[in-house]
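Q: Attaching a predicted model along with its sequence, questions to come.
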Amino acid sequence: MNRPSPLSSTASTGLNSPCGAVDRRLTVRFRTVFLVFLILGSTPFWVVHPLPAQSGTASESLETLRARLLAAVRETHRQEVAEAEKNSDEQKRKLLKEAAETARRQHEETIDELAASFATKAEKNATSLMLKGMIRILTDPRGGVDAAIAQVSSQRDSILRSATVRSEAAQKEYNRAYLEPLLQLAALHDLKGQSAKARELYREILTVDSEWPEALHASIRFLFRQGDIARAGAAPADARLHYDNALRLAQRLNTSDSANARFRWDLLLSYEKLGDLASAQNELASAAQANRDCLEFTKKLLVQDPNNSDWLRISSLAQLELGDVAMKQEKLDEAAQAYRDSLAVAMKLVAKDPGNTLWLRDLWVCQSRFSDVAVRQGKVNAALQAHRAHLTTTQKLAANDPADTQWQYNLSIIHRELGGMARTQGRLDEAMQAYGNSIAIIRKLADSDSANTQWQIALNLSYGDLGNLAMAQGKFEL
């Protein structure tokens, strides 16, 4: 039997008279609203300030929601930057501003999804009266984010008490709809930079229902953002705590619902963030373990879906990270094998879709790493082969985006490196050609921007290499 949505009436009048039916429905609705007031203990914003009926198209409502949320994020950012400017310590001031900028960027990235969620819920019959009221406050000119936060916050304790009493499994879906306004309230607190309030709300919601997938997912994403902000503010211990907590929730979530792609990403991102943080802190054993965990989970996913491009790419990147850790540990053979495995998967993906720039970039990185470790191992032929392949990939990327000067610069560097390899092996004419190719590219860049010191230095080095080679050949005039 389907339960009615919380705080809404679906009662039937049972009367034959049309007029009687109307009267009966009005009476039921009045009693429902009156009962809500008695239970919740305060009068909603939309009753004290009656809001107009929803008007306009769904797309207009979505744009209004998006604009309101974006304004709240940017105002919060402005306040945080202003507060950071008050700090007399220059380094601390810089870190606070970087943390504020990271928070702004992170929150702006969530706005489209959050606005779409609000807009969708506003149209659903199953959405609770309180959540619909919250959404109307967000879109009304007299309302906004602060008004929505204030209204739902005033009902917080009542909602939690009622939900705790009514937490039996038989009423799980009804209870989740009842708790939904608090879940959205936590999201608004997060947008406003009120992280402590958001964290406490997520904790209280999961105390009532520890297996609610949407609440777990929202909590994980909140913890990711908190960890990223802590990293930007040079607080790695705090970042690790947030990522560790996210990992525990993601493991719980994937145990209860292992088929949901979003929840799989929650677990994969937890491993990735922990591994990246550990590597940045030079905690190499922890970094290796996080990437091994990520790789093992991805392998399980690939058993179920061997051709899934997302899982293939994640497995390649995890191998790449394991190679980087091994290089830092001076475990060259282990690094070479990890890079080789990563490269094989990257090549497989590019073969599936040669025009995919993201996959082509991944291949470019793998080739670069494999060439580097081959050079370190003294495997000249392997390094030369990898470098030539690296050049071909760079040429493709440069052709795909001719305006990107970084790819042109990379081309120049790779030609120069190939020249150095050829010279070492005694292939002097080949080295001369490679140096000439490098100079032709970097000279064009340097001429286009004389203030770019990186390009000017690279040009001088390339001329120096060419000159030294010419002198070695007894060619004193080029």
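A: Alright, I've got the coordinates.

Q: going forward, measure contacts between C-alpha atoms and count neighbours the same way
A: Noted.

Q: How far away from the center of its chain is the helix or strand harbouring Leu247?
A: Per DSSP states H and E, Leu247 falls inside helix 236-256. On the basis of C-alpha atoms, centre = their mean, to the nearest Å, helix 236-256 sits 15 Å off its chain's mean C-alpha point.

Q: Would you mind writing the CA trace of it as PDB?
A: Provided in PDB are the C-alpha atoms of helix 236-256 (Å, rounded to 0.1, in the frame of the first residue of the first chain):
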ATOM      1  CA  PRO A 236      46.300  18.200   5.100                       C
ATOM      2  CA  ALA A 237      45.400  16.500   8.300                       C
ATOM      3  CA  ASP A 238      41.800  17.900   8.100                       C
ATOM      4  CA  ALA A 239      41.600  17.000   4.500                       C
ATOM      5  CA  ARG A 240      42.600  13.400   5.300                       C
ATOM      6  CA  LEU A 241      40.000  13.200   8.000                       C
ATOM      7  CA  HIS A 242      37.300  14.300   5.500                       C
ATOM      8  CA  TYR A 243      38.400  11.900   2.800                       C
ATOM      9  CA  ASP A 244      38.700   9.000   5.300                       C
ATOM     10  CA  ASN A 245      35.100   9.700   6.500                       C
ATOM     11  CA  ALA A 246      33.900   9.900   2.900                       C
ATOM     12  CA  LEU A 247      35.600   6.500   2.200                       C
ATOM     13  CA  ARG A 248      33.800   4.800   5.100                       C
ATOM     14  CA  LEU A 249      30.400   6.200   3.900                       C
ATOM     15  CA  ALA A 250      31.200   5.200   0.300                       C
ATOM     16  CA  GLN A 251      32.100   1.600   1.300                       C
ATOM     17  CA  ARG A 252      28.800   1.400   3.300                       C
ATOM     18  CA  LEU A 253      26.900   2.800   0.300                       C
ATOM     19  CA  ASN A 254      28.400   0.400  -2.200                       C
ATOM     20  CA  THR A 255      27.700  -2.500   0.100                       C
ATOM     21  CA  SER A 256      24.000  -1.700   0.200                       C
END
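
Q: Run through the neighbouring helices and strands of it.
A: helix 213-232, helix 261-280 (3 or more C-alpha pairs under 8 Å, 6 or more residues apart in numbering; DSSP states H and E).

Q: Same list (the ones you listed) but as a markdown table, adding distance to Ala346, mean pLDDT and mean neighbour count.
A: Formatted as a markdown table, those follow (distance: least, C-alpha to C-alpha, whole Å; pLDDT from 0 to 100; neighbours: other C-alpha atoms under 10 Å):
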| stretch | distance to Ala346 | mean pLDDT | mean neighbour count |
| --- | --- | --- | --- |
| helix 213-232 | 27 | 96 | 22 |
| helix 261-280 | 18 | 94 | 21 |
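
Q: between those, which one is nearest to Ile149?
A: Closest approach to Ile149 among these is made by helix 213-232 (17.4 Å; C-alpha to C-alpha).

Q: orientation of that closest one relative to helix 236-256 in degrees?
A: 160 degrees (axes from the mean of the first three to the mean of the last three C-alpha atoms, to 10 degrees).

Q: For helix 213-232, which helices and strands make contact with it?
A: helix 90-123, helix 195-208, helix 236-256, helix 261-280.

Q: would you turn these into JSON lines with distance to Thr298?
A: Listed next are the helices and strands packed on helix 213-232 as JSON lines, based on distance: least, C-alpha to C-alpha, whole Å:
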{"stretch": "helix 90-123", "distance to Thr298": "26"}
{"stretch": "helix 195-208", "distance to Thr298": "28"}
{"stretch": "helix 236-256", "distance to Thr298": "13"}
{"stretch": "helix 261-280", "distance to Thr298": "8"}
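
Q: so which of those helices comes closest to Asn175?
A: Closest among these, using C-alpha to C-alpha: helix 195-208, at 9.4 Å.

Q: possible to save the helices and strands packed on helix 236-256 as CSV with distance to Ser371?
A: Formatted as CSV, these follow (distance: least, C-alpha to C-alpha, whole Å):
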stretch, distance to Ser371
helix 213-232, 31
helix 261-280, 21
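
Q: and of these, who's closest to Lys379?
A: helix 261-280 (26.9 Å).

Q: Show the subsequent helix or strand relative to the closest one.
A: In N-to-C order, the element after helix 261-280 by DSSP H and E is helix 284-304.

Q: contact partners of that following helix?
A: Residues outside helix 284-304 that contact it (C-alpha atoms under 8 Å, 6 or more residues apart in numbering) are 268, 271-272, 274-279, 308, 311-312, 314-315, 318-319, 321-322, 325, 328-329.

Q: make it 7 Å
A: 268, 271-272, 274-276, 278-279, 308, 311, 315, 318, 321-322, 325 (C-alpha atoms under 7 Å, 6 or more residues apart in numbering).

Q: Kindly report the same for stretch 211-229.
A: Looking at stretch 211-229 with C-alpha under 7 Å, 6+ apart, the contacting residues turn out to be 99, 102-103, 106, 183, 202, 206, 238-240, 242-243, 246, 249-250, 253, 263.

Q: starting at the chain centroid, how far to it?
A: 12 Å.

Q: Now it - C-alpha only, CSV.
A: The C-alpha trace of stretch 211-229 is given here as CSV (Å, rounded to 0.1, in the frame of the first residue of the first chain):
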residue,chain,number,x,y,z
GLU,A,211,21.1,3.3,5.0
TRP,A,212,19.5,6.2,3.1
PRO,A,213,21.4,6.2,-0.3
GLU,A,214,20.7,9.8,-1.2
ALA,A,215,21.7,11.0,2.2
LEU,A,216,24.9,8.9,2.1
HIS,A,217,25.8,10.2,-1.4
ALA,A,218,25.1,13.8,-0.4
SER,A,219,27.3,13.4,2.8
ILE,A,220,30.1,11.9,0.7
ARG,A,221,30.1,14.8,-1.8
PHE,A,222,30.0,17.3,1.1
LEU,A,223,33.1,15.6,2.7
PHE,A,224,34.9,15.7,-0.7
ARG,A,225,34.3,19.4,-0.9
GLN,A,226,35.5,19.9,2.7
GLY,A,227,38.6,17.9,2.0
ASP,A,228,39.4,19.9,-1.1
ILE,A,229,38.9,23.2,0.7
